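Trainee: Got a predicted structure plus its sequence, pasted below:
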Protein chains: 2
Amino acid sequence: MRLTELLGIELPVIQAPMAGAQASAMAIAVSNAGGLGSLPCAMLTAEGLRKEMETIKAQTTRPFNVNFFCHMAPVADAARESAWRAALAPYYRQYGIDPAGIPAGPGRAPFSAGFAEVLEEYRPAVVSFHFGLPSADLLKRVKSWRSKIFCSATTIEEALWLEAHGVDAVIAQGVEAGGHRGIFLSDDLSTQVGTFALLPQVVRAVKVPVIAAGGIADAKGVTAALALGAAGVQIGTAYLLCPESTITAVHRKALKSEAARHTALTNLFTGRPARGIMNKVMRELGPVSNLPPAFPLATSAIVPLRAKAEAEGSGDFSPLWSGQNATGCKEIPAAQLTRELAAGV
Amino acid sequence: MRLTELLGIELPVIQAPMAGAQASAMAIAVSNAGGLGSLPCAMLTAEGLRKEMETIKAQTTRPFNVNFFCHMAPVADAARESAWRAALAPYYRQYGIDPAGIPAGPGRAPFSAGFAEVLEEYRPAVVSFHFGLPSADLLKRVKSWRSKIFCSATTIEEALWLEAHGVDAVIAQGVEAGGHRGIFLSDDLSTQVGTFALLPQVVRAVKVPVIAAGGIADAKGVTAALALGAAGVQIGTAYLLCPESTITAVHRKALKSEAARHTALTNLFTGRPARGIMNKVMRELGPVSNLPPAFPLATSAIVPLRAKAEAEGSGDFSPLWSGQNATGCKEIPAAQLTRELAAGV
């Protein structure tokens, strides 16, 4: 079943939820253009979610997606935090930062009963999850009001697990994808598969519709993904230069430069592997390290470095999230980009 | 320009050269079916090459490809060799192998004047290279008899470099691909890109035709690659169960099992990164290690372990080369597989 039939939308294009890079404005624009806009909720409070839902409700009657992370809340570990700050100490000295004075960084909260409470009032067409699914009772509650459940899979095993746990569609997230890997049944990054290999194998393995994600940047990419059996596509990076994107000037500049050709999976910025453009801190500490504390606790220690560097116009310490194909980024409204992406359908 | 026009062949499918897994029989079958068969020459001597060229000449008049590695010949390093054997020592003990008695393993020779001498007599339609190109004078010699030059690129930079050095087509080798990575301008594996992202960016960057490789396993995959701008495709893994394949029973069994879902890049078997099915030695030493000597010197130390394990029906120490999508493997003649792969063109 095509994504368009499943949701009653016009275009088989999901704008990928990108926490920290966009909010309701982009979701509204994409949904009104006939695609499926997404609201990333990982960095929202329940009250923040309610506010965004009100904004969306006021500006579109079309289906949209709200997205949540489903990580286990971490246990703080003073020794790991201290080792992580020790690794960053030379940078703190360079920027004159007192590590003792670093406040807690931006949190990322998993889906919870508090969020479900708010969602129940708005009953979005789609609720999507990353890093697995919430507890069975929470999932049941979301399903009770007929929201469709989507979730990312990065391996065939994860896709089969999600199908067995009742998702309405699987998002096959190829290793090309920007931002956080949805990986949740393993922490072995060698299990991560390119879209060209993952997508057809997931399509063959599960009966639910499969959404392709990772490396898709233009109408040709959408056509190719559909040829491989996708019911629709989820595209993130290409939207990052749209006026509705909230990324920093440093991030925009990196995406427009040749630097965007070299991305890597890194756990330095949050504690979980995510794909971003290679920069100084990734190069010097190694993009994947044993040092960062558990997700999302790694975030706070790096925030003041990022702030100092960005104030000087540098992305040396910024998470410059991007997929492996940034050539589809265009400085055009998200609605227009959505229509262009679906031009070959 | 499509591959079919460039070479005057019927089907835009190159059977990937796979040293150790096939010889002239597969190349002949694929070329006679209308695709481009490939003879892998990395493990041949000049005399062995001549013999294979005679066999091919006797059995097909169609265009075919001969493939060579272009690595720098390594300098033996006794300390590294000794550290590598020390790492393998527990396994030697387990199998009762005396490491002092290990003979030199299978070599892999780079392209050379000796090979060129033989090729000049046969003037194959295509000469393809892996790990970059031979020296300028050797390349000039190959071009002088009108063979088309193809070479693998694993990044946009490598594709641009190859175009600048005069190749007739670039093979964009996505990270999904089985066997050795063609990487040659860097040794940083984080530069390696999925086919979905690499292919369209290479197509955009160079003017020469681009062949897609990596993760393509069936007719839908071929259609998708062409939609992304490929002039043709190069497919390896799907051919590994054909009767013309010379792989071991252990390797065949692994490809047919669910084990094939989990591959990794590993340098344990030769010293250069190559993709194979995850097995015991990769799991226990880590698939990518600093220990193995330079390519191809790492090979010899592991050979007796492989032989002992395979004698017991185990692939624990075997290079089980495979791409990330083994679902296209079929136990049918290579000619039939070639036609099936091109069915959607």
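Mentor: Noted; the coordinates are in hand. Every value quoted in this text rests on a predicted model; they were computed, and no experiment measured them.

Trainee: what about residue A:127, which SS state?
Mentor: strand (DSSP: H, G, I helix; E, B strand; the rest coil).

Trainee: Who are the contact partners of it?
Mentor: By C-beta atoms under 8 Å, 6 or more residues apart in numbering or on different chains, residue A:127 lies in contact with A:65, A:66, A:67, A:68, A:119, A:142, A:147, A:148, A:149, A:150. Using the backbone N, CA and C atoms, a C-beta is placed for each residue, glycine as well.

Trainee: For the nearest residue to it once chain neighbours are set aside, grab the count of nearby residues.
Mentor: Nearest non-adjacent residue to residue A:127, counting by C-beta to C-beta, 6 or more residues apart in numbering or on different chains: residue A:147, 4.6 Å away. The number of residues packed near residue A:147 is 22, by other C-beta atoms under 10 Å in any protein chain shown.

Trainee: Next one: residue A:147 from residue A:128, what distance?
Mentor: 10 Å (C-beta to C-beta, to the nearest Å).

Trainee: what's the answer for residue A:74, then?
Mentor: From residue A:74 over to residue A:128 (counting by C-beta to C-beta), the distance is 22 Å.

Trainee: Repeat that for residue A:17.
Mentor: According to C-beta to C-beta, residue A:17 stands 7 Å off from residue A:128.

Trainee: neighbour count winner among these two?
Mentor: Shown here are residue A:17 and residue A:128; by other C-beta under 10 Å, residue A:128 has more neighbours (30 against 25).

Trainee: Look up the pLDDT of that one for me, please.
Mentor: The model reports residue A:128 with a pLDDT of 98.

Trainee: Let me see the backbone angles for the nearest residue to it once chain neighbours are set aside.
Mentor: Excluding the flanking residues, the one nearest residue A:128 by C-beta to C-beta, 6+ apart is residue A:150, at 4.0 Å. Taking degrees, to the nearest 10, you get phi -120, psi 150 for the backbone angles of residue A:150.

Trainee: can you pull the contacts of the residue nearest the centre of chain A?
Mentor: Of all residues in chain A, the one closest to the mean position by C-alpha atoms, centre = their mean is residue A:18, 4.4 Å from it. Contacts here follow C-beta under 8 Å, 6+ apart; on that basis residue A:18 touches A:40, A:179, A:236, A:239, A:240, A:321.

Trainee: Wasn't the fourth one part of a helix?
Mentor: Translated: residue A:239. Yes - under three-state DSSP, residue A:239 falls within a helix.

Trainee: so where do the strands sit in the stretch 1-150 of chain A?
Mentor: Remark: strands assigned in the stretch 1-150 of chain A by DSSP state E, counting those that start in this stretch are A:13-15, A:37-40, A:64-69, A:126-130, A:148-153.

Trainee: Any chance of TSV for those, columns distance to residue A:256?
Mentor: Below are these laid out as TSV (distance: least, C-beta to C-beta, whole Å):
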stretch	distance to residue A:256
strand A:13-15	20
strand A:37-40	23
strand A:64-69	26
strand A:126-130	27
strand A:148-153	27
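
Trainee: Let me know which of the ones you listed is tucked in deepest.
Mentor: strand A:13-15 (a mean of 31; mean count of other C-beta atoms under 10 Å in any protein chain shown).

Trainee: Let's see the pLDDT reported for residue A:106.
Mentor: 69.

Trainee: wait, I meant residue A:158
Mentor: 98.

Trainee: In contact with it, which residues?
Mentor: With C-beta under 8 Å, 6+ apart, residue A:158 has these contacts: A:152, A:182, A:183, A:184, A:185.

Trainee: Give me the phi and psi for it.
Mentor: phi -60, psi -40.

Trainee: Quickly note the distance from it to residue A:193.
Mentor: 10 Å.

Trainee: what about chain A, any weak spots by pLDDT?
Mentor: In the prediction, chain A carries residues with pLDDT under 70 at positions A:105-106.

Trainee: The residue lying closest to residue A:180 once chain neighbours are set aside pairs with what?
Mentor: In space, and not counting its chain neighbours, residue A:180 is closest to residue A:274: 4.2 Å by C-beta to C-beta, 6+ apart. Beta-bridge pairing for residue A:274 (DSSP bridges): residue A:180, residue A:266.

Trainee: Using PDB, write out the CA atom coordinates for stretch A:257-264.
Mentor: C-alpha atoms of stretch A:257-264 as PDB (Å, rounded to 0.1, in the frame of the first residue of the first chain):
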ATOM      1  CA  SER A 257      30.200  24.000   1.100                       C
ATOM      2  CA  GLU A 258      32.200  21.100  -0.100                       C
ATOM      3  CA  ALA A 259      32.700  20.100   3.500                       C
ATOM      4  CA  ALA A 260      29.300  18.500   3.300                       C
ATOM      5  CA  ARG A 261      30.800  15.800   1.100                       C
ATOM      6  CA  HIS A 262      32.400  14.200   4.200                       C
ATOM      7  CA  THR A 263      30.000  13.300   7.000                       C
ATOM      8  CA  ALA A 264      30.500  10.600   9.600                       C
END
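
Trainee: which parts of that stretch are buried?
Mentor: Neighbour-count burial for stretch A:257-264, counted by 16 or more other C-beta atoms under 10 Å in any protein chain shown, picks out A:259, A:260, A:261, A:262, A:263, A:264.

Trainee: what residues are up against the fifth one?
Mentor: Going by C-beta under 8 Å, 6+ apart, residue A:263 touches A:178, A:275, A:276, A:277, A:278, A:322, A:323, A:324, B:190.

Trainee: I'd like those residues as TSV, with neighbour count and secondary structure appended.
Mentor: Compiled in TSV, the contacts of residue A:263 are given as follows (neighbours: other C-beta atoms under 10 Å in any protein chain shown; DSSP: H, G, I helix; E, B strand; the rest coil):
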residue	neighbour count	secondary structure
A:178	28	coil
A:275	26	strand
A:276	25	strand
A:277	24	strand
A:278	21	coil
A:322	27	coil
A:323	33	coil
A:324	30	coil
B:190	18	helix
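
Trainee: Would you map the strands across the stretch 201-345 of chain A?
Mentor: Using DSSP E, counting those that start in this stretch, strands in the stretch 201-345 of chain A cover A:210-213, A:232-235, A:263-266, A:274-277.

Trainee: Residue A:335: which of these is closest?
Mentor: strand A:232-235 (13.8 Å; C-beta to C-beta).

Trainee: right, is the closest one up against chain B?
Mentor: No - judged by C-beta under 8 Å from any C-beta of the partner chain, strand A:232-235 makes no contact with chain B; its nearest approach is 10.7 Å.

Trainee: partner strands of that strand, parallel or antiparallel?
Mentor: Each strand paired with strand A:232-235, and its direction, by DSSP bridges: strand A:13-15 (parallel), strand A:210-213 (parallel).

Trainee: can you redo these as a markdown table with distance to residue A:28?
Mentor: Below are those laid out as a markdown table (distance: least, C-beta to C-beta, whole Å):
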| stretch | distance to residue A:28 |
| --- | --- |
| strand A:13-15 | 10 |
| strand A:210-213 | 20 |
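
Trainee: Residue A:20: how many residues sit nearby?
Mentor: Applying other C-beta under 10 Å, I find that residue A:20 has 17 neighbouring residues.
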